[in-house]
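Participant: Sequence below, structure please.
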Amino acid sequence: MRIDVSEILKLDGASLDIEYDGPVEDEEINSIADDLISFGPVSFKGKMVNVGGVLKLEGSLKADYTAVCYRCLRKTERHMKLGIKEDFINASENPDDEAYTYEGKYIDLSRVLKDNIILNLPMKQVCKPECKGLCPKCGTDLNEKECDCREDYINPHMEVLKNFFNN
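Facilitator: Numbers count the residues shown, from 1 in each chain. Below is the predicted model:
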């Protein structure tokens, strides 16, 4: 997503409204999060302001995605809404690879959107907080029914401590 910023680079304090509705290349997003099935189009609304040659981007991003529940392996639909605040510095003034930079009169916002999405995805997707998951022995979905193989396993080396607090 390339934005022409030539007009706001001419005047300190100038601003540019930005609206984008469309896809974000999700190859990188899917490679980071193994439990993502698909990532839908994103909606971004924001403003970019020139503050002494530094372009400050501020806005909000919304997106829907489908993921696999970490506990029960069901598909779950999720919605993401987050605020974005980033600075863009002229590439000739800053050799730092970590900073967002611009060269000439165009800025590519794809990297900013992808980075913020990746950083705000939960580490583990869960369909609902009370999800019981799968039985580790038989694989039964414990949200649907109980299984008979739930017995307390005691490590033989720790069995002596079983009755330690029972007097």
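Participant: what are the ranges of the helices in the chain?
Facilitator: Counting by DSSP state H, one finds helices in the chain at the ranges 6-9, 27-32, 110-120.
Participant: hey, which of those is tucked in deepest?
Facilitator: helix 110-120 (a mean of 16; mean count of other Cβ atoms under 10 Å). C-beta: built from backbone N, CA, C; applies to glycine.
Participant: what about the residue most central in space within the chain, distance to residue 80?
Facilitator: Central residue of the chain (Cα atoms, centre = their mean): residue 121, 2.5 Å from the mean position. Between residue 121 and residue 80 the computed distance is 8 Å (Cβ to Cβ, to the nearest Å).
Participant: What of residue 141?
Facilitator: Noted for residue 141: a distance of 26 Å to residue 80, by Cβ to Cβ.
Participant: Let me see the domain layout of the protein.
Facilitator: What automatic domain parsing lists as the domains of the chain is 2-131, 132-167.
Participant: Give me the pLDDT for the residue nearest to the centre of the chain.
Facilitator: Looking at residue 121, its pLDDT stands at 86.
Participant: Offset the numbering so it begins at 397, please.
Facilitator: Right, with 397 as the first residue, what we last looked at is residue 517.
Participant: how near is it to residue 499?
Facilitator: Distance from residue 517 to residue 499, by Cβ to Cβ: 29 Å.
Participant: Could you point out which residue ranges in the protein have low pLDDT?
Facilitator: 421-430, 490-493, 546-549, 563 (pLDDT under 70).
Participant: Would you map the strands across it?
Facilitator: Under the criterion DSSP state E, strands of the chain are mapped to 398-400, 411-418, 432-447, 450-464, 471-486, 496-498, 502-504.
Participant: Minimum distance to residue 531: which of these has it?
Facilitator: For the strands of the chain, the distance to residue 531 is smallest for strand 450-464, at 17.8 Å, taking Cβ to Cβ.
Participant: partners of residue 452 in the sheet?
Facilitator: residue 445, residue 483 (DSSP bridges).
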